[in-house]
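Novice: Below are the sequence and a predicted model for it; my questions follow.
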Amino acid sequence: MRIRTSLAVATAAGAVALGAFAAPAAHADGTPNAASQVSSFVKDVKADAAAKASSKTGAKAGVRPGVRYVDGDVTIDKVTVNGNQDIVAGTSAVKTVNIYVTATDPEGIYDAHAMLWHGTDFENDVDGAVIPEQDADCDYWSATSATCKITVKVDPKGDLYDSFLAGKWNVYAAAIGNDGDLIEDDTYKNVWIKRAAQITSMNAAPEPVKKGKTITATANLSRASWSYLKYYGYGSQSVQLQFAKSGSSTYTTVKTVKTSSSGALKTTATANASGTWRFYFPKNGTTSAATSAGDYVAVN
């Protein structure tokens with residue numbers, strides 16, 4: 001974005017203000033700045049287009065469902081977020097996410113913009129936002145088209161102020177032609193930001209074991225809380241006990257078990273061959289997949 005300083009300062013100030021009101025036990029009790037940050041971002045996008053334009057032709061509504069604003073003949077052709085993979089955040093590490101916006105205009109592409117927002121309505125219900133702090137880096141691969149990379153940083157200590165933000169987010173995208181034409185789409189597509197899960201304390205015993213005897217596998221499933229910035233047990237979840245024979249890297253699912261209310265795992269299986277045992281948790285709408293460390297058991 002060509003106009004960036006005011007937004008960066010506003011974002012930093014909002015973060016300070018939010019920290020001042022954070023409850024001591026929890027991460028935070030709300031982010032009143034998300035909607036205002038989004039509003040400031042959109043105003044800067046429009047100002048960027050206006051500064052480039054030599055003349056304006058007026059808004060043209062109804063180009064396709066979901067487009068908030070179109071002025072001119074610029075189009076957004078494709079948007080890719082995080083390599084089309086879920087964004088997974090834990091409790092401390094900042095996640096760098098690249099957003100690629102491909103756009104076309106007969107006069108060429110001047111700039112592109114993108115951000116992530118959470119809520120049900122772009123105008124009236126925005127309760128989370130992840131906004132870039134730097135300009136887009138555009139690759140002009142033809143006289144009329146370009147692919148621009150916008151980098152955002154997803155911070156569980158700031159952007160993800162509460163665990164209810166886990167799940168579906170919306171992708172805002174905009175592109176500006178060299179003649180100042182502007183297209184905006186407040187929900188070009190959706191992306192999922194998920195709470196990181198982990199399986200710890202994996203143990204399969206006894207070791208070694210006689211062929212045909214029973215082994216007991218135990219572990220603990222937990223997931224990140226963005227509200228408290230800690231990992232807590234993830235209860236009542238289906239987890240797969242998997243096994244790979246010695247010399248093979250291919251795991252097969254032996255059985256599926258549920259975690260206890262505290263996330264504990266305990267189950268038994270018959271040991272017929274030497275190999276490695278592990279637990280695997282498939283992802284769901286709010287939480288990432290997780291795989292435990294493997295535990296090798298020799299069969300005599």
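Specialist: That came through, no problem.
Novice: So in that sheet, which strands flank the helix or strand hosting V79, and in what orientation?
Specialist: In this assignment (DSSP states H and E), V79 forms part of strand 75-81. Sheet pairing for strand 75-81, assigned by DSSP bridges, gives strand 95-104 (antiparallel).
Novice: Packing partners of the biggest helix by length in the chain?
Specialist: Selection of the longest helix in the chain by residue count, based on DSSP state H, yields helix 34-52. On a contact count with 3 or more Cβ pairs under 8 Å, 6 or more residues apart in numbering; DSSP states H and E, helix 34-52 meets helix 5-20, strand 109-121, strand 125-130, strand 167-177, strand 182-195. For every residue, glycine as well, the C-beta is placed using N, CA and C.
Novice: that older thread, show me which parts of the strand holding V79 are buried, residue by residue.
Specialist: 75-76, 79-81 (16 or more other Cβ atoms under 10 Å).
Novice: residues in contact with the very next helix or strand once past that strand?
Specialist: Using DSSP H and E, the helix or strand that follows strand 75-81 towards the C-terminus is strand 87-89. Here strand 87-89 makes contact (Cβ atoms under 8 Å, 6 or more residues apart in numbering) with 81, 95, 97, 154, 156, 160, 191-196, 224, 226, 288.
Novice: Widest-spaced pair of the residues you listed?
Specialist: In the contacts of strand 87-89, two members sit farther apart than any others by Cβ to Cβ. They are V81 and A224, at 20.3 Å.
Novice: For D77, see how far away V70 is.
Specialist: V70 sits at a distance of 14 Å from D77 (criterion: Cβ to Cβ, to the nearest Å).
Novice: nope, V152 is what I was after
Specialist: Distance from V152 to D77, by Cβ to Cβ: 21 Å.
Novice: need the contact list for the closest residue in space to N170 that isn't next to it in sequence.
Specialist: Nearest residue to N170, sequence neighbours excluded (Cβ to Cβ, 6 or more residues apart in numbering): T187, at 4.6 Å. Counting by Cβ under 8 Å, 6+ apart, T187 makes contact with 66, 122, 170-172.
Novice: The nearest residue to S262 once chain neighbours are set aside and G263, how far apart?
Specialist: Leaving aside its chain neighbours, S262 sits nearest to G233 (4.2 Å; criterion: Cβ to Cβ, 6+ apart). Distance, G233 to G263, using Cβ to Cβ: 3 Å.
Novice: could you dump stretch 95-102 to CSV, C-alpha only?
Specialist: The C-alpha coordinates for stretch 95-102 follow below in CSV (Å, rounded to 0.1, in the frame of the first residue of the first chain):
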residue,chain,number,x,y,z
LYS,A,95,2.9,-16.8,12.0
THR,A,96,4.0,-15.1,8.8
VAL,A,97,1.3,-15.5,6.0
ASN,A,98,1.7,-14.6,2.4
ILE,A,99,-1.3,-13.5,0.4
TYR,A,100,-1.0,-13.4,-3.4
VAL,A,101,-3.4,-11.3,-5.4
THR,A,102,-3.4,-11.7,-9.2
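Novice: List of residues touching that stretch?
Specialist: Residues outside stretch 95-102 that contact it (Cβ under 8 Å, 6+ apart): 76-83, 87-89, 112-114, 116, 130, 132, 136, 145-155, 171, 173-175.
Novice: list the buried ones in it?
Specialist: Here stretch 95-102 shows 95, 97, 99-102 as buried, counting by 16+ other Cβ under 10 Å.
Novice: quick one: stretch 274-285 to chain centroid distance?
Specialist: Relative to the chain's own centre, stretch 274-285 is displaced by 22 Å; criterion: Cα atoms, centre = their mean, to the nearest Å.
Novice: Format the CA atom coordinates belonging to it as CSV.
Specialist: Coordinates of each C-alpha in stretch 274-285 appear next as CSV, following Å, rounded to 0.1, in the frame of the first residue of the first chain:
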residue,chain,number,x,y,z
SER,A,274,7.8,-55.1,16.1
GLY,A,275,7.2,-51.5,15.1
THR,A,276,6.3,-48.0,16.1
TRP,A,277,3.0,-46.8,17.7
ARG,A,278,1.6,-43.3,17.6
PHE,A,279,-1.6,-41.3,18.1
TYR,A,280,-3.0,-39.1,15.3
PHE,A,281,-5.7,-36.4,15.7
PRO,A,282,-7.3,-35.2,12.4
LYS,A,283,-8.1,-31.5,12.2
ASN,A,284,-11.5,-30.1,12.6
GLY,A,285,-13.1,-26.7,11.9
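Novice: Kind regards, and thank you for your time.
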